[in-house]
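K.L.:
next one to model:
(one chain, ligands or ions: 1)
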Amino acid sequence: MPSDTLRLFFALPCPPELAEALCIWRDSLALGGKPVAADNLHLTLAFLGQQPRTRLEELQLLAAGIEAPPFTLDLDRLGGHRGTLWLEPSQMPSALAALAADLQQRLLAIGMPLDSRPFRAHLTLLRHAGARPVGATVDFAWPVERFALYASENTARGVRYRELGGWPLVP
Ligand code: 2AM
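P.N.:
Residues are numbered from 1 along each chain as shown. The predicted structure follows:
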């Protein structure tokens, strides 16, 4: 029986060609650990946690009301904490900050409990790494053209992020 709640988050979906290039580069670092699957690569804009399915339509309407332009995100810095490795921009594009802030304000306005920590743009590549990258330099340009709502689901093959709606960024 499907659960009454879903673990939800809004994110920028990584385009497939970029996801493939990122995975090839990450795997070349040979750090061990648990790599994030190419299909799962994303940058979270707002994490909602477990929410009733009955709120889905409201969230989809909220997202459809957002007007934001496309932009380029330069993932040019490696970051990490404990065994997690991620990529992040050294310069936060103002269009990304504005999109995340707009989304978060709208979510707060409908009573969604959000993380009180400040938004920190990052794309997780690897968890439980056995080593730290040494001397790796990175610069991937991501043309950001859409955002999406995801449900995080546990499957026999590991966690999967199922898209529940996607919205274009329009100039
Ligand atoms: P992470 O990549 O740093 O783990 C799905 O789990 C997405 O939501 C991931 O991008 C994850 O970030 C993020 N996420 C998970 N728990 C979160 C929390 N409590 N607050 C903010 N983001 C969270």
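K.L.:
tell me the secondary structure for the residue nearest the centre of the chain?
P.N.:
Centroid-nearest residue in the chain: residue 43, 2.2 Å away (criterion: Cα atoms, centre = their mean). Following DSSP: H, G, I helix; E, B strand; the rest coil, the label given to residue 43 is strand.
K.L.:
what average pLDDT does stretch 122-129 get?
P.N.:
Per-residue pLDDT over stretch 122-129 has a mean of 97.
K.L.:
could you list the low-pLDDT ranges of this protein?
P.N.:
Along the chain, segments meeting pLDDT under 70 span 1-2.
K.L.:
got the residues of it near the ligand?
P.N.:
Within reach of the ligand by Cβ under 6 Å from any ligand atom, the chain has these residues: 9, 44, 47, 115, 124, 152. From N, CA and C alone the C-beta is placed, and that goes for glycine too.
K.L.:
check the residues you listed for burial and list the buried ones.
P.N.:
Among the residues of the chain next to the ligand, those classed as buried by 16 or more other Cβ atoms under 10 Å are 9, 44, 124, 152.
K.L.:
list the buried residues of the lengthiest helix in the chain.
P.N.:
Using DSSP state H to define each element, the chain has its longest helix at helix 94-109. Neighbour counts using 16+ other Cβ under 10 Å place 95-96, 99-100, 103-104, 106-107 of helix 94-109 among the buried residues.
K.L.:
same thing with stretch 5-21?
P.N.:
6-14, 18-19.
K.L.:
how far does that stretch stretch from one end to the other?
P.N.:
Across stretch 5-21, the terminal residues are separated by 34 Å (Cα to Cα, to the nearest Å).
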